[in-house]
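In: Here is the input, now give the coordinates:
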Amino acid sequence: MNAPLNVVVLAAGKGTRMKSALPKVLHPLAGRPLLAHVLAAADSLRPERICVVYGHGGEALPTAIGRADILWVRQEPQLGTGHAVQQAAPHLDPAAVVLILYGDVPLTRPETLQEMVLIAREGAIALLTVRLADPSGYGRIVRNARGQVERIVEHKDASPEELAINEVNTGILCLPAGKLMGWLTRLTNGNAQSEYYLTDVIGMAAAEGERILPCHPAAEWEVLGVNSRQQLAELERVYQRNIAESLLAQGVTLLDPARLDVRGTLECGRDVVIDVGCIFEGRVKLGDGAKVGAYSMLKDVEVAEGVEILPFCHIEGTRIGRAARIGPYARLRPGTDLDAETHIGNFVEIKNSQVGFNSKINHLSYVGDAYVGRKVNIGAGTITCNYDGANKHRTVIEDEAFIGSDSQLVAPVTVGRGATLGAGTTLTRDAPPGELTLSRVRQFTIPGWQRPKKTVKGEG
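Out: Residues are numbered from 1 along each chain as shown. The predicted structure is shown next:
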């Protein structure tokens with residue numbers, strides 16, 4: 001039986017312990033909202049329909065996630081997990097199997113969920129359970145004498161004997177939609193919290209002789225939820241540890257795997273070396289032999305083979321060519337495109353500019369909205385004055401030009417091929433190719449000049 005798959009994600013909780021105006025499921029893990037991680041896992045299963053039940057935070061959830069392909073259903077008021085699924089039930093395909101996930105449980109592996117879907121497609125109920133050394137707060141899995149799941153009892157409703165059980169309910173289950181809809185209509189709220197528990201469905205199913213097959217995650221962290229900042233921080237480290245282990249297995253050198261943060265995707269070639277404290281956001285690709293220095297931040301960057309990025313660089317929206325050398329303390333902003341063997345040094349900022357082969361901008365300079373040709377040398381303290389207060393203008397520096405230190409190039413302006421600008425030049429007109437151009441006042445000395453003295457209070 002290859003029934004279609006519907007996914008229901010419960011995301012209506014307030015998250016009181018987060019102590020935040022932001023809805024709990026929108027708090028970021030590895031740079032993405034918790035809910036986005038859950039939806040990514042659901043997407044990997046290729047469901048025909050995804051329904052997210054939301055409540056606290058109102059329209060902030062659908063607005064933040066921004067997906068028109070999801071059916072958003074509001075639960076108001078919030079009367080428990082069973083009540084939440086009741087809100088979604090009218091939107092489900094009765095012929096489908098339904099996978100129920102939680103917006104604050106972000107790290108469940110797709111492989112675990114796929115196993116559950118296969119069980120449900122065979123007509124059984126797949127229930128994800130785990131054994132915990134400390135099961136406090138979780139619903140307990142109660143089995144009969146034959147070891148079959150009989151029911152789930154919530155912690156607040158459990159007897160002392162039931163509290164001793166260490167197999168707990170994760171809340172994640174998968175079952176045929178038609179059967180689920182029938183059981184949802186029979187839920188009651190006669191319990192310690194006066195809520196409609198989804199877990200009561202398991203007791204009903206067992207009483208009717210349905211097959212309930214427990215599944216188990218490969219690791220405990222797959223089913224850990226977030227209810228506090230502490231738990232969010234702990235899951236962040238779990239996520240980053242998993243990324244680090246994967247990179248190490250691929251042959252990447254991490255000088256300290258515990259001090260790495262990947263908040264997007266990081267693709268590495270052979271013999272890549274990453275020093276401590278580096279952050280990778282968006283989509284980053286590091287070519288063979290690339291080295292990233294300590295405490296550098298890269299976002300949406302493509303780095304070719306043999307590039308060396310020295311410590312404390314901030315690089316975003318940039319392409320870096322083969323064997324380039326960057327930093328330390330360089331800032332490369334979106335639209336920067338560096339050709340092979342370029343050198344960008346300390347305290348240099350580049351924005352929306354192309355820099356050609358083997359060109360060097362080594363010290364304390366700003367290059368914005370510019371084209372820099374091949375084998376250009378730009379001296380310390382050079383600025384392209386690209387903004388007139390209203391509009392941006394472009395500077396062109398042709399091949400093999402030499403720009404002396406402390407120069408200002410007032411765009412729009414062109415420095416011709418092989419031209420030299422003397423140090424301290426303010427260029428307001430094009431500099432011709434192959435010539436020396438400079439603008440300086442004549443140096444002179446005033447004999448006998450005396451520096452002014454500070455007036456002492458009470459004098460004069």
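In: Show me where this structure has its helices.
Out: Counting by DSSP state H, the chain has helices at residues 34-43, 60-65, 81-88, 110-121, 160-163, 177-184, 200-207, 229-249.
In: Could you save these as TSV and add columns showing mean pLDDT, mean neighbour count and distance to Gln443?
Out: For the C-beta atoms, the positions are set from N, CA and C on the backbone; glycine is no exception. Below are the helices of the chain laid out as TSV (pLDDT from 0 to 100; neighbours: other C-beta atoms under 10 Å; distance: least, C-beta to C-beta, whole Å):
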stretch	mean pLDDT	mean neighbour count	distance to Gln443
helix 34-43	98	22	63
helix 60-65	92	16	61
helix 81-88	96	22	80
helix 110-121	97	19	72
helix 160-163	93	11	89
helix 177-184	95	19	87
helix 200-207	93	20	90
helix 229-249	97	15	58
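In: will you turn those helices into TSV that also has distance to Val456?
Out: Converted to TSV, the helices of the chain look like this (distance: least, C-beta to C-beta, whole Å):
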stretch	distance to Val456
helix 34-43	66
helix 60-65	63
helix 81-88	79
helix 110-121	79
helix 160-163	83
helix 177-184	89
helix 200-207	88
helix 229-249	58
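In: Out of those helices, which is closest to Ala133?
Out: Nearest to Ala133 among the helices of the chain is helix 160-163; the distance by C-beta to C-beta comes to 14.1 Å.
In: Give me the packing partners of that closest one, helices and strands only.
Out: Counting contacts by 3 or more C-beta pairs under 8 Å, 6 or more residues apart in numbering; DSSP states H and E, helix 160-163 packs against strand 140-143.
In: how far does the strand it packs on sit from the chain's center?
Out: How far strand 140-143 lies from its chain's middle: 37 Å, per C-alpha atoms, centre = their mean, to the nearest Å.
In: who touches that strand?
Out: 127, 129, 149-153, 155, 158, 162-163, 165, 167-169, 214 (C-beta atoms under 8 Å, 6 or more residues apart in numbering).
In: Specify which member of these is nearest to Asp104.
Out: The closest of those, once distances to Asp104 are taken by C-beta to C-beta, is Asn169, at 15.2 Å.
In: okay but the closest one is in contact with Leu198, surely?
Out: No - Asn169 lies out of contact with Leu198 (C-beta atoms under 8 Å); the separation is 9.6 Å.
In: Near the closest residue to Gln114 other than its chain neighbours, how many other residues are there?
Out: Nearest non-adjacent residue to Gln114, counting by C-beta to C-beta, 6 or more residues apart in numbering: Leu45, 6.3 Å away. Neighbourhood size, Leu45 [other C-beta atoms under 10 Å]: 16.
In: Same check on the one 5 residues further on?
Out: Burial of Ile50 is recorded as 22 neighbouring residues (other C-beta under 10 Å).
In: do Glu48 as well
Out: Neighbour count of Glu48, defined by other C-beta under 10 Å: 11.
In: returning to that earlier point: from memory the residue nearest to Gln114 sits against Thr112, does it?
Out: No - no contact is recorded between Leu45 and Thr112 when judged using C-beta under 8 Å, the distance being 10.8 Å.
In: which residues touch Gln250?
Out: Residues in contact with Gln250 (C-beta under 8 Å, 6+ apart) are Cys268.
In: Kindly provide the distance from it to Arg417.
Out: 44 Å (C-beta to C-beta, to the nearest Å).
In: And for Ala330?
Out: 26 Å.
In: of those two, who's got more company?
Out: Neighbour count, other C-beta under 10 Å: between Ala330 and Arg417, Ala330 has more, with 22 against 16.
In: The more buried one contacts Ile344, doesn't it?
Out: Yes - counting by C-beta under 8 Å, Ile344 is a contact partner of Ala330 at 5.1 Å.
In: Spell out which residues are contacts of both of the two.
Out: Counting by C-beta under 8 Å, 6+ apart, the residues touching both Ala330 and Ile344 are Ile350.
In: Contacts only, for the nearest residue to Arg417 once chain neighbours are set aside.
Out: What sits nearest to Arg417 in space, not counting adjacent residues and going by C-beta to C-beta, 6+ apart, is Glu398, at 4.1 Å. Neighbouring residues of Glu398 by C-beta under 8 Å, 6+ apart: Gly373, Val376, Thr414, Val415, Gly416, Arg417, Gly418, Ala419, Pro433.
In: Leaving out chain neighbours, which residue sits closest to the fifth one?
Out: Once its chain neighbours are removed from consideration, Gly416 has its nearest residue in Pro433; the separation is 3.2 Å (C-beta to C-beta, 6+ apart).
In: Ok, Thr336 next?
Out: The nearest residue in space to Thr336 (C-beta to C-beta, 6+ apart) is Thr318, at 4.2 Å.
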